[in-house]
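> pasting the sequence and the predicted model now:
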Amino acid sequence: MTRLNSLALALLAAVAAGCVVGPDYEPPDFGKEAEFSDIVRSDGVAVADEAVANDAWWESFGDPVLTALVDQAIANSPDIRAATARLDEAQALRQLALGGTRPALDANAAASRSRQSEVANLPPAAPTLFSLFESGLSAAWEPDLFGRLRRDVEASSALLGASVEDRRSVLLVTLSELALNYADLRSAQRQRNVAVDNTAIARKTLELTVLLHGQELASELDLVQARADLTESEAAQAEFSAAEHGAAARIAVLLGEEPSSVVPRLAAASEHELRAPRIPVGLASELLERRPDIRAAERRLAAASAEIGVETAARFPRFDLTGTLGSGAVDLADLFSSPSEAWSIAGALRWPLFDGGRRRAAVDAASARFNARLSEYEVAVLRAFGDAEAAFASYVFATKERRLLARARADRQRALELSRLRFETELDDLFPVLDAQRQLLSLDSQTALAERAELIAAVNVYRALGGGWRSAEAQLLTAESP
């Protein structure tokens, strides 16, 4: 009895102390001292050195159509709905783990009708036909002596946090992909319009060349070159129309709609011109707090740490408490009378003494998973810094290119004005005017490409910085609220 009392006291002490085996998780500090390169603050480029804005960055592009598309994507995107379903699953799994730490109580009832053999060796006057009625409650509880269940809750809570961050990643990716495709669509429309103007000039040039060739004032070489210029301009229109249609179709997928309902709606050019905004940057270390993929990797690392504790605790004793309270009678009227009462209480101790090294191997496997998650976290941090640097570089040089092309356009515009003046004063024929117009339109097409590159780079900067998901998530949660 003394040894049993000592064991009972030891178990009670363990419960009171709340013993939890396994490592206590501490977030890694990898990447906290990182800094952006000097390209972020390049002279003359609109990249600011201030706290990043986590608001609706898509509104800063100045196009209400884009904002409306973003609102629709938040409400209807299949990718976002799938991420929400995975989040609901993670919440249910956490509740499942939490339920394991609480006592379980079951109600039961049974009724049976039996007939015994008349030739069996029965006591005198024993009935051969009788009924049996039973009802009661049964309870079970596992005192979490070494924290196995608490570590399991800790792991499931961390995985729930990872699912939250995963949905934020889906929000950020979906909305940035939407903005990228919208920039592609508007750029294709603008380039197609330039190609239409180029086609008109090429057709006029061909008509003039045909006239001069008939008067033997232009060679056959001039004629075939003019005809080729017209054909190439017409082909460019088809190319840009295909690009526009493809971008609209990709937008439809992001909106959760069929392309046939979206493509016509986006065919009309927007009244508002997309413009690259001034981008707030902030500190490089803030990426660790803003990027949902980094935050998700950190939560999975925390879950892996807790799983080490789960497997470690499995090597220690487990104690189960069970009890029943009920009644049984052969007559239903006697079921709840005092003589029919029955109860039991029991405790069981399970201590794995030898398992061929399986539990030790499980701990080693959990430790290896933790090391893998740590490496994955470091990769996520490095990738985030790489994404940011690449996006900044693209934005800086795309902005410089657009500004240089704007200066070149001013000169091309002046050259066109001068050629028209010479034509009107009969110093030149019409060809220099048409050539100046063609060169100006060619520059407009190149400028449209540069503006597209700047818009895409701006979106990628916001995506790399992890900005915007807070506003999108708030809108999503508002829509989900009853």
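Structure's in. What do you need?

> please give the element, helix or strand, for the spatially most central residue of the chain.
Centrality entry for the chain: nearest residue to the mean C-alpha point is V170, 1.9 Å, by C-alpha atoms, centre = their mean. Following DSSP states H and E, one finds V170 within helix 148-214.

> and that helix, what other elements does it pack with?
helix 64-76, helix 78-99, helix 220-255, helix 292-313, helix 431-465, helix 469-480 (3 or more C-beta pairs under 8 Å, 6 or more residues apart in numbering; DSSP states H and E). C-beta coordinates here come from the backbone N, C-alpha and C atoms, glycine included.

> 10 Å instead?
Contacting helix 148-214 under the criterion 3 or more C-beta pairs under 10 Å, 6 or more residues apart in numbering; DSSP states H and E are the following elements: helix 64-76, helix 78-99, helix 220-255, helix 259-267, helix 292-313, helix 431-465, helix 469-480.

> what angle do it and helix 431-465 make?
180 degrees (axes from the mean of the first three to the mean of the last three C-alpha atoms, to 10 degrees).

> just how off-centre is helix 148-214 within its chain?
Distance of helix 148-214 from its chain centroid, counting by C-alpha atoms, centre = their mean, to the nearest Å, is 17 Å.

> and the end-to-end length of stretch 305-319?
For stretch 305-319, the separation between the terminal residues is 24 Å (C-alpha to C-alpha, to the nearest Å).

> identify the residues contacting the residue nearest to F336 when sequence neighbours are not counted.
Nearest in space to F336, with sequence neighbours left out and distances taken as C-beta to C-beta, 6 or more residues apart in numbering, is S327 at 5.7 Å. Each residue near S327 by C-beta atoms under 10 Å, 6 or more residues apart in numbering is listed here: 133-136, 334-343.

> now those residues in a markdown table, with pLDDT, secondary structure and distance to L353?
Below are the contacts of S327 laid out as a markdown table (pLDDT from 0 to 100; DSSP: H, G, I helix; E, B strand; the rest coil; distance: C-beta to C-beta, whole Å):
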| residue | pLDDT | secondary structure | distance to L353 |
| --- | --- | --- | --- |
| F133 | 77 | strand | 43 |
| E134 | 81 | strand | 38 |
| S135 | 83 | strand | 40 |
| G136 | 82 | strand | 35 |
| D334 | 70 | helix | 47 |
| L335 | 73 | coil | 44 |
| F336 | 76 | coil | 45 |
| S337 | 77 | coil | 47 |
| S338 | 77 | helix | 45 |
| P339 | 79 | helix | 44 |
| S340 | 77 | helix | 42 |
| E341 | 83 | strand | 39 |
| A342 | 83 | strand | 35 |
| W343 | 83 | strand | 32 |
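
> and which of those residues is nearest L405?
Nearest to L405, judged by C-beta to C-beta, of these is G136 at 85.3 Å.

> and the closest one, what does it touch?
106-110, 324-328, 341-344.

> at 6 Å instead, please
By C-beta atoms under 6 Å, 6 or more residues apart in numbering, G136 lies in contact with 324-326.

> in strands, which of the residues you listed fall?
Counting by DSSP state E, the members of those that fall within strands are 324-326.

> and T322, how far from P23?
T322 sits 32 Å away from P23, taking C-beta to C-beta, to the nearest Å as the criterion.

> could you do A415 as well?
Counting by C-beta to C-beta - A415 and P23 are separated by 72 Å.

> have a look at the two and say which one is more surrounded.
Neighbour totals were compared for A415 and P23, and A415 leads with 16 against 13 (other C-beta atoms under 10 Å).

> number of nearby residues for the closest residue to the more buried one other than its chain neighbours?
In space, A415 comes closest to A436 once its chain neighbours are excluded; the distance is 5.2 Å by C-beta to C-beta, 6+ apart. Residues lying near A436 (other C-beta under 10 Å) number 21.

> what's near enough to touch A436?
Taking C-beta under 6 Å, 6+ apart as the definition of contact, the neighbours of A436 are 415-416, 419.

> and it, what pLDDT?
At A436 the predicted local distance difference test score is 73.

> check the one 10 residues further on too.
Per-residue pLDDT puts Q446 at 83.

> so it versus Q439, what's the distance?
Distance of Q446 to Q439, computed by C-beta to C-beta: 11 Å.

> what do you get for D197?
12 Å.

> with A162 instead?
Between A162 and Q439 the computed distance is 55 Å (C-beta to C-beta).

> which of these two has more neighbours?
Here A162 and Q439 are compared on neighbour count by other C-beta under 10 Å; more neighbours surround A162, at 22 against 14.
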